[in-house]
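coords please:
(chains A and B)
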Number of protein chains: 2
Amino acid sequence: MNVGNFGEFGVISRISRRLPQGAGVLLGPGDDAAVVAAPDGRVVVSTDLLVEGNHFRRDWSTPYDVGRKAAAQNLADVAAMGARPTSLVVGLSMPADLPVDWVDGLADGLREECALVGASVVGGDLARADLVVIGVTALGDLAGSPPVTRSGARPGQVVAVAGRLGYSAAGLALLGSGRLGAGRQAPESGPLAAAVEGHRRPRPPYAQGPEAARLGATAMMDVSDGLLQDLGHIAGASGVRVVLDPDAFEVAAPVLAAAGELGADPLDWVLGGGEDHALVAVFPSEVRLPPEWRIVGRIETGEGVLVTGRDDGPRGWDHFQ
Amino acid sequence: MNVGNFGEFGVISRISRRLPQGAGVLLGPGDDAAVVAAPDGRVVVSTDLLVEGNHFRRDWSTPYDVGRKAAAQNLADVAAMGARPTSLVVGLSMPADLPVDWVDGLADGLREECALVGASVVGGDLARADLVVIGVTALGDLAGSPPVTRSGARPGQVVAVAGRLGYSAAGLALLGSGRLGAGRQAPESGPLAAAVEGHRRPRPPYAQGPEAARLGATAMMDVSDGLLQDLGHIAGASGVRVVLDPDAFEVAAPVLAAAGELGADPLDWVLGGGEDHALVAVFPSEVRLPPEWRIVGRIETGEGVLVTGRDDGPRGWDHFQ
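As a prediction, the model looks like this:
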């Protein structure tokens, strides 16, 4: 059974049943718009498009994985402001011959990722197109805190990271290498499997976003395009230089294993790989950070991003170049 | 010059300069998320995808028109809840060889439509794809009113419409007919031009959304898929029958002219044509309505939508059937 068999309203009905509405949803799917509580009196909003063949491949990721990832990258943007995500709305274009199971899986993935932070999928829109495009918008609540932007870094502060770095790039390289055995199947367990899994389902450290705000972070981003490139935005917006110590990073076992398998430099993935949606934040130097955070550099006067001992390296991702 | 020449961040910079931020925008484009005032403590949110070749054609609409329309259909969804739109976020996928002027025009159209209601484009996302897909999400503020949903219609009430009906369908039929003269150019003035213009740039009656809420409307929608189909949603959600009086509709001159040109029944477009984003609302029968509203029917016990004197007719739009 494909989407065309069910029709637009049949698919909407099917999806809606898979999406329970949590506290804070005052009016859920089924009307012209949803209504969500915004107790802070301000609302944080971020949107992303995921395009089949560009952001995901249907032969490399299950629909459930795509749903998890689509939700994760938007929820991470909200967390990176120091806010708590409350809700998502999702636009979905797809061909009429897409199996309806694919849509079910996507909805399940969106729901489960939202459940990690107590958010709900409150609405959406379906459209027909030759390829699958998913437009996700996330809302969040600041609970009285000022938003943590990109422009608040000052010389003398420290740079810290929470969450994974390099998993997604390592997993993508493994998937693209054709070296995962018969039929190009990913292994089901072990460090290589963990890297592939990290590509399919990023694990943003959501709770560390509001935590960073409470701890006094003055700048923060989620790592979407690669740590060096994203820190370049903080450097630019703040008018400072970011200096990273490559020895401060703990390279995770899956990243090391993938690098060994492919003969790659794991630090390239740690510093340049996107889509893990780690959080990188800038704190006053006297901060005492919980164990989820690792200090990896400092803020100086100047501009740009410098990695001690490396003249150049990966530069992140531009969708059009 | 095309999008690929500028690169992702070059295009973002170009667009951002075209999008001034109004009152109520606490943090605009350029960070992981925007922050918008939500003074009511609740936020209204609606999202739509527009797909090239399905919702618009680049040879039939200018990018400015597409921007106007993309904003309009989302702002109308917010108004249909009785809310005031505050902001949009926009995801845009496009091929790298898209002229950058096209993106400029789109941004201008989004801005100008938002300006009609005092809203701002506060953020977005760019992605690469073989076709142009625009994902728009609108936010709005209820200013203390309860949201006006689809489920509040009760027997004995009256059905009223504000805004245009039939223009967009008439204009689309003209554009598709090949009967607009040499080179299939639309005429530049006159009623046929007004119908084509109505297809390219719908004119939702935004102010009538909050007005309806103040006047005591108990159900409301914007007419996206056709009046009969959309009223079918109100009938279904409210558990009532909607009875329309076809003689109560005033068919506008552009719709009549297009019908004359093409030998069509103009009431088919009035009752079945979508994308004008008129508002249809249900009021207590004793309501005194301002002149922007026209009473076109009543609510009875029963189910479905009945047009007096018409056994059947156009049924609206399903994207997959």
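
Quick check: A:A213 touching A:G82?
Yes - the pair A:A213 / A:G82 is scored as a contact, 3.0 Å apart, by Cβ atoms under 8 Å. In this view, the C-beta of every residue, glycine as well, is placed from N, C-alpha and C.

the more surrounded of those two?
Taking other Cβ atoms under 10 Å in any protein chain shown, A:A213 and A:G82 do not tie; A:G82 has more neighbours (27 against 23).

pretty sure that one contacts A:D141?
No - using Cβ under 8 Å, A:G82 makes no contact with A:D141, being 10.5 Å away.

A:R154: how many residues sit nearby?
The tally of other residues near A:R154 (other Cβ under 10 Å) stands at 14.

Looks to me like it is in a strand.
No - judged by DSSP: H, G, I helix; E, B strand; the rest coil, A:R154 forms no part of a strand; its state is coil.

Tell me how many other residues crowd the closest residue to it other than its chain neighbours.
Spatially, and ignoring its direct neighbours in sequence, A:R154 is nearest to A:I299 (6.2 Å; Cβ to Cβ, 6 or more residues apart in numbering or on different chains). As a burial measure, A:I299 scores 25 neighbours (other Cβ under 10 Å).

again, but for A:G144
Neighbours of A:G144 under the rule other Cβ under 10 Å: 10.

That one: what's it in contact with?
A:D40 (Cβ atoms under 8 Å, 6 or more residues apart in numbering or on different chains).

same question, A:A37
A:G24, A:V25, A:L26, A:T86, A:D141, B:G41, B:R42, B:V43 are the contacts of A:A37 under Cβ under 8 Å, 6+ apart.

Same check on A:G236?
A:E303.

CA-only coordinates of the helix or strand harbouring it, as CSV, when you get a sec.
According to DSSP states H and E, A:G236 maps onto helix A:227-238. Extracted C-alpha coordinates of helix A:227-238, given in CSV (Å, rounded to 0.1, in the frame of the first residue of the first chain):
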residue,chain,number,x,y,z
LEU,A,227,33.0,22.1,14.7
LEU,A,228,35.6,24.3,12.9
GLN,A,229,33.0,25.9,10.6
ASP,A,230,30.4,26.4,13.3
LEU,A,231,33.0,27.9,15.7
GLY,A,232,33.9,30.2,12.8
HIS,A,233,30.3,31.6,13.1
ILE,A,234,30.8,32.2,16.8
ALA,A,235,34.2,33.9,16.1
GLY,A,236,32.7,36.0,13.4
ALA,A,237,29.6,37.0,15.4
SER,A,238,31.5,37.7,18.5
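
Pull up the residues of the stretch 151-300 of chain A that are close to chain B.
Counting by Cβ under 8 Å from any Cβ of the partner chain, the stretch 151-300 of chain A comes close to chain B at A:M220, A:M221, A:D222, A:A237.

can you tell me how far A:A96 sits from chain B?
Distance, A:A96 to chain B, using Cβ to the nearest Cβ, to the nearest Å: 5 Å.

Using the three-state scheme, assign the closest residue to that residue other than its chain neighbours.
The shortest distance from A:A96 to any non-neighbouring residue, by Cβ to Cβ, 6+ apart, is to A:G4 (3.4 Å). Look at A:G4: counting by three-state DSSP, its state is helix.

Give me the pLDDT for the residue nearest to A:R154.
If you check A:I299, the pLDDT there is 98.

Same question for A:Q185.
pLDDT, A:Q185: 59.

do the same with A:S13
Reported pLDDT for A:S13: 89.

Equivalent analysis for the one 4 residues further on, please.
We have a pLDDT of 92 for A:R17.

any idea how far the residue nearest to A:A96 is from B:A193?
36 Å (Cβ to Cβ, to the nearest Å).

Looks to me like A:L49 is in a strand.
Yes - A:L49 forms part of a strand when assessed by three-state DSSP.

residues near it, how many?
Neighbours of A:L49 (other Cβ under 10 Å): 28.
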